[in-house]
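Engineer: quick one: sequence plus predicted model below, questions after.
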Amino acid sequence: MNKYKAVIFDLDDTLYPEFDYVKSGFNSVATLLSPRIDQNVAGINESLLKLFHDDRADVFNRYLSLQGIEDKRVLAECIMTYRGHFPNISLSSDVRELLYWLKNNQLGLGILTDGRPDGQRNKIKALELDKIVDAVIVTDELGGVHYRKPNELAYRRICSQLEIQANEAIYVGDNPAKDFISANQLGMVTVMLKNDHSLYKQEGFLPEQQAQMIIKDLRELKSIVFRSNHEQENLSFSPSCERI
């Protein structure tokens with residue numbers, strides 16, 4: 001009998017590469033700015049991406065400053081365009097296949113994600129996850145940014161929506177700074193997707209911040225899901241020990 005009843009996923013850099021969203025947003029901003037500064041969209045895109053790679057902070061401020069534009073209204077337009085655009089992103093065929101495999105094996109599917117609700121909901125629609133998963137929580141919708149991970153309420157709430165106990169869930173994320181603390185405390189099995197291209201640091205964290213298992217490909221969840229109850233009950237907590 002399968003011990004687990006659901007798999008709960010982080011969204012960004014777990015189910016799809018967050019950098020794809022960044023590129024999509026920059027393209028929307030470049031399209032906005034192109035007729036105003038007499039540069040083509042590709043050139044603006046290239047400049048924004050270079051600034052982002054140099055330093056992720058204040059990209060639009062820095063770009064506009066380089067163009068001699070100090071109008072705060074233009075900056076606000078860039079930010080709103082980025083945050084509000086409908087992204088050009090998609091699930092990989094491997095991830096889509098995995099999600100349907102989990103569903104076909106009677107696992108509930110949840111998404112637990114931080115971020116501005118409109119932007120996160122747009123990502124979920126663009127990825128067509130709203131047609132696949134059983135429950136979605138965007139933590140800000142619980143009452144503001146203080147409900148973001150690792151706030152325990154969001155983890156409890158998604159378990160309630162999936163009609164499971166926390167120890168019946170596998171939680172999959174990529175960011176030890178926030179993803180696994182509450183999941184570990186609640187008794188979920190925690191799994192980190194090791195991602196060399198993640199926008200977040202994945203090493204150098206305290207034991208309680210780290211996942212119990214590390215995988216390099218989401219398809220490895222298949223073997224985790226159907227390990228025997230005996231093996232799972234005797235699984236030692238071994239942070240950063242790759243079990244692949």
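Structural biologist: Now that the structure is in, tell me what you want to look at. Numbers count the residues shown, from 1 in each chain.
Engineer: give me every residue that touches Asn151.
Structural biologist: Contacts of Asn151 were listed using CB atoms under 8 Å, 6 or more residues apart in numbering, and they are 139, 142, 182. C-betas here are computed from N, CA, C, even on glycine.
Engineer: quick check: domain ranges of the chain?
Structural biologist: As assigned by automatic domain parsing, the chain contains the domains 6-16+90-233, 19-84.
Engineer: comparing the ones you listed by mean pLDDT, which bottoms out?
Structural biologist: Ranked by mean pLDDT, the domains of the chain bottom out at domain 6-16+90-233, with a mean of 92.
Engineer: following the helix or strand encompassing Leu49, which helix or strand shows up next?
Structural biologist: Using DSSP states H and E, Leu49 maps to helix 41-54. Sequence order places helix 59-66 as the next helix or strand after helix 41-54, per DSSP H and E.
Engineer: that next one vs helix 41-54, what angle?
Structural biologist: 120 degrees (axes from the mean of the first three to the mean of the last three CA atoms, to 10 degrees).
Engineer: residues in contact with helix 59-66: which ones?
Structural biologist: With CB under 8 Å, 6+ apart as the criterion, helix 59-66 contacts 29, 44, 47-48, 51-52, 55, 70-71, 74-75, 78-79, 82.
Engineer: so among the residues you listed, which ones count as buried?
Structural biologist: Neighbour counting with 16 or more other CB atoms under 10 Å marks 29, 44, 47-48, 51-52, 74-75, 78, 82 as buried within the contacts of helix 59-66.
Engineer: all strands for this protein, in order.
Structural biologist: Applying DSSP state E to the chain gives strands spanning 6-9, 108-113, 135-138, 169-173, 189-193, 213-215.
Engineer: partner strands of the first one, with direction?
Structural biologist: In other words, strand 6-9. strand 108-113 (parallel), strand 169-173 (parallel) (DSSP bridges).
Engineer: out of the ones you listed, deepest packed?
Structural biologist: strand 169-173 (a mean of 26; mean count of other CB atoms under 10 Å).
Engineer: for stretch 186-200, what is the distance to the chain centroid?
Structural biologist: 10 Å (CA atoms, centre = their mean, to the nearest Å).
Engineer: and for stretch 114-133?
Structural biologist: Centroid separation between stretch 114-133 and its chain, computed with CA atoms, centre = their mean, is 10 Å.
Engineer: quick one: end-to-end length of that stretch, please.
Structural biologist: 17 Å (CA to CA, to the nearest Å).
Engineer: buried residues, that stretch. List them.
Structural biologist: In stretch 114-133, counting by 16+ other CB under 10 Å, buried: 114-115, 119-124, 126-127, 129, 132-133.
Engineer: so what touches that stretch?
Structural biologist: With contacts defined as CB under 8 Å, 6+ apart, stretch 114-133 is touched by 11-12, 15-16, 21, 83-91, 96, 99-100, 103, 109-111, 113, 136, 138-141, 148-149, 178.
Engineer: buried among the residues you listed? Make that a ChimeraX selection.
Structural biologist: In ChimeraX, a selection of the buried entries from the contacts of stretch 114-133 looks like this (16+ other CB under 10 Å):
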select :11,12,15,16,21,85,87,89,91,96,99,109,110,111,113,136,138,139,140,148,149,178
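Engineer: just the ones in helices from the contacts of stretch 114-133, please.
Structural biologist: Judged by DSSP state H, helices contain the following of those: 21, 83-84, 96, 99-100, 103.
Engineer: identify, from those, the entry nearest to Asn167.
Structural biologist: Comparing the ones in helices among the contacts of stretch 114-133 against Asn167 with CB to CB places Lys103 closest, at 21.1 Å.
Engineer: so how far is Val41 from that closest one?
Structural biologist: Applying CB to CB, to the nearest Å, the value for Lys103 to Val41 is 39 Å.
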